[in-house]
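# please work out how this folds:
(one chain, ligands or ions: 1)
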Amino acid sequence: MAGYKIAILISGRGSNMAALIQACQADGFPAEVALVLSNRPDAPGLAIAKAAGIPTEVIEHGGFENREAFDAAMTDVLAAAGVRLICMAGFMRLLSEEFCQRWRDSLINIHPSLLPAFKGLHVHERMLDAGVRIAGCTVHYVRPAMDEGPILVQAAVPIAADDTPDSLAARILQQEHRIYPLAVRLIAEGRARPAGGMVAIDNYSLPRQWLINPPLE
Ligand code: GAR
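Just a heads-up that it's a prediction; the model follows:
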């Protein structure tokens, strides 16, 4: 339903933000982007949001005494915008317990790995170094610990023998842009909710044979 307002938090490029904006502007999508908020004035994503006619705000974290004060300023702006869901999209700041509690179950994040594996930074390089065969991405509800919380949607991406961190990141990003709008839609339609450390989703199931499996030669 239009009227289900979301905010998107960014720190940089904003390609996931752009995918969410595009999805929300399509006919029949049940959410609208009310605000894009960046902690960096030079985030390239801000120009993309403005060009799409989305209100933007910048709150520079450097101007605050501590994390709690910065997060409280974000909460004021987000609450004033009347948003029901906050989507972190490459927002590279740890959040305080207070902020996570204030927006508990209304705050989601995307991460370029199949969580709970490979939390943190330099994920693509670390996956290649570890020699894993299947990478992917995850949209999850946010809890205070970094890259932790009930999992909403995941997509798998096979790793090629000649992958570099950049080539792998590019293929994972394509999947990020697919699953983030899906996760937002499921929440906005009231079909997804956290339940006992996991997420319950109504009327949604993956076909059992659908995923990639390695050919047996
Ligand atoms: C995305 O790959 C996102 O998954 C990652 O940052 C990138 C932001 O790109 N987020 C994290 O690593 C969070 N722990 P974008 O600005 O183009 O959306």
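# CA atoms for contacts and neighbours, from now on please.
OK.
# chain center to the longest helix along the chain: distance?
Secondary structure of the chain per DSSP state H: the longest helix is helix 165-188. Relative to its parent chain, helix 165-188 has a centroid offset of 8 Å by C-alpha atoms, centre = their mean, to the nearest Å.
# identify each buried residue in it, please.
Across helix 165-188, burial judged by 16 or more other C-alpha atoms under 10 Å covers 168-169, 172-173, 175-177, 179-188.
# do stretch 145-161 as well
Buried residues in stretch 145-161, counted by 16+ other C-alpha under 10 Å: 147-159.
# near the ligand, which residues of the chain show up?
Applying C-alpha under 6 Å from any ligand atom, we find that the chain lies next to the ligand at 12-17, 89-90, 110-112, 120, 147, 173.
# same thing but at 8 Å, please
Proximity of the chain to the ligand, by C-alpha under 8 Å from any ligand atom, involves residues 10-18, 45, 89-92, 109-113, 119-123, 137-138, 146-147, 169, 172-173, 176.
# just checking, which of those residues belong to strands?
Secondary structure defined by DSSP state E assigns 10, 109-111, 137-138 of the residues of the chain next to the ligand to strands.
# adding pLDDT, distance to L128 and neighbour count, write the residues you listed out as CSV.
Formatted as CSV, those follow (pLDDT from 0 to 100; distance: C-alpha to C-alpha, whole Å; neighbours: other C-alpha atoms under 10 Å):
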residue, pLDDT, distance to L128, neighbour count
I10, 98, 26, 27
N109, 98, 23, 24
I110, 98, 20, 26
H111, 98, 16, 25
C137, 98, 15, 24
T138, 98, 18, 25
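# what's the closest of those residues to the ligand?
The shortest approach to the ligand among these belongs to H111, at 3.8 Å (C-alpha to the nearest ligand atom).
# confirm for me that that closest one is in contact with A135.
No - using C-alpha atoms under 8 Å, H111 makes no contact with A135, being 11.4 Å away.
# picking that back up, mean confidence for the longest helix of the chain?
Across helix 165-188, the average pLDDT comes to 98.
# can you check stretch 56-76 too?
Taken as a whole, stretch 56-76 has a mean pLDDT of 97.
# quick one: terminal-to-terminal distance for that stretch?
Length of stretch 56-76, first residue to last, C-alpha to C-alpha, to the nearest Å: 14 Å.
# so how far is that stretch from its chain's centroid?
The gap between where stretch 56-76 is centred and where its chain is centred comes out at 20 Å by C-alpha atoms, centre = their mean.
# go ahead and name everything in contact with it.
Stretch 56-76 is contacted by residues 35-41, 46, 49-50, 95-96, 98-99 when judged by C-alpha atoms under 8 Å, 6 or more residues apart in numbering.
# list the buried ones in that stretch?
The neighbour-count check on stretch 56-76 (16+ other C-alpha under 10 Å) flags 56-59, 61, 67, 70-71, 74 as buried.
# for these, work out which two are farthest apart.
Spatial extent of the buried residues of stretch 56-76 (C-alpha to C-alpha) is set by the pair T56 and R67 at 21.1 Å.
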